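Chemist: A structural model of the following input is requested.
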Amino acid sequence: MRFLAIIFSILLFAQTAISAPFSANAKTKRIPAGTKFSLKLMNPVSTMTNSAGSEFTAILMTDETADSDVILPMGSLVRGTIKKIEPAKRMSKGAILYLDFDHVVTPNGRQLPLTFSVIGRSDLTYDGGITSSRGYKDALKENWEVTKDITSSATEWGGDVFDDVIVADQLMTGICAVGGAIGGGAYYIYDGIADMIRKGKDVNLRQGEVLNVILVDPVDVPVI
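Modeler: The predicted structure is shown next:
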């Protein structure tokens with residue numbers, strides 16, 4: 001009985017020690033809602049190879065301070081999961097990736113729940129997802145940029161061929177400009193029709209890519 005009493009006392013002491021940082025008297029410092037962070041992905045995330053529920057890890061790119069004290073140092077781990085994936089569809093509508101940030105690991109090893117929203121990307125949907133294309137309109141914009149590149153490249157090539165002969169240079173520049181415009185226009189029409197049929201692209205976030213996020217709810221971080 002005495003042996004069991006000793007074991008029970010040790011377990012009770014250990015439980016008290018572990019829960020101490022979360023007691024009412026624990027010293028904490030708050031990170032307010034609206035605080036912006038930069039996170040670097042430690043593994044790639046893709047709508048093609050991953051699925052809802054897949055985990056990912058990122059690290060903080062800078063120190064988070066409060067009252068001149070570093071409470072979340074650069075390199076702190078942020079873990080999350082893929083909340084939802086909407087697959088690519090016809091009419092060039094790209095896949096949509098929704099990320100859910102679960103918790104951050106504090107310097108004393110505690111895991112604190114948090115909520116981040118991705119910001120500052122041109123490929124964000126209205127509800128916070130990351131997409132490769134919003135649909136046919138975006139596909140046509142991409143085609144137009146390619147069309148302009150075709151015309152510009154053809155015009156430059158025509159000018160470079162007879163650069164030393166003024167008359168020939170001007171003539172070839174004009175001819176190649178017209179040819180480039182015709183070729184670019186044909187590409188625009190052909191690929192525009194194809195974009196009505198083909199599916200959009202997958203979302204691929206590479207390892208090492210930086211995500212800018214904003215804290216949705218405040219977080220109280222235990223400090224030593």
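Chemist: From now on I want contacts and neighbour counts done on CA atoms only, so please keep to that.
Modeler: Noted.
Chemist: What is the burial count for residue 39?
Modeler: When neighbours are defined as other C-alpha atoms under 10 Å, residue 39 has 24 of them.
Chemist: Quick check: bridge partners of it?
Modeler: On the basis of DSSP bridges, residue 39 is bridged to residue 60, residue 211.
Chemist: Find the residue closest to residue 113 in space, skipping its chain neighbours.
Modeler: Nearest-residue entry for residue 113: residue 103, 4.1 Å, with adjacent residues in sequence omitted and distances by C-alpha to C-alpha, 6 or more residues apart in numbering.
Chemist: Tell me the bridge partners for the one you found.
Modeler: Counting by DSSP bridges, residue 103 forms beta bridges with residue 79, residue 113.
Chemist: was I right about it contacting residue 76?
Modeler: No. Using C-alpha atoms under 8 Å, residue 103 makes no contact with residue 76, being 10.7 Å away.
Chemist: Which one's more surrounded, the two?
Modeler: Neighbours per residue (other C-alpha under 10 Å) separate residue 103 from residue 76, with residue 76 holding more: 20 against 17.
Chemist: ok, residue 107 - how many residues close by?
Modeler: Neighbours of residue 107 under the rule other C-alpha under 10 Å: 17.
Chemist: Run through this protein and note the low-pLDDT ranges.
Modeler: Counting by pLDDT under 70, the ranges of the chain that qualify are 1-26, 90-92, 134-199, 224.
Chemist: do that again at 90, thanks
Modeler: 1-31, 64-73, 86-95, 105-111, 122-123, 125-127, 131-202, 219-224 (pLDDT under 90).
Chemist: Quick one: the helices in this structure, in order.
Modeler: For the chain, applying DSSP state H gives helices covering 2-19, 136-161, 166-197.
Chemist: list the contacts for the residue nearest to residue 113?
Modeler: Contacts for residue 103 (C-alpha atoms under 8 Å, 6 or more residues apart in numbering) come out as 78-80, 111-115.
Chemist: any idea which of those has the most stuff around it?
Modeler: Neighbour tally across those (other C-alpha under 10 Å): the maximum, 24 neighbours, falls on residue 78.
Chemist: I'd guessed that residue sits against residue 106; true?
Modeler: No. Using C-alpha under 8 Å, residue 78 is not in contact with residue 106, being 9.5 Å away.
Chemist: who's in contact with stretch 211-224?
Modeler: 21-22, 26-41, 71, 106, 108, 112-120.
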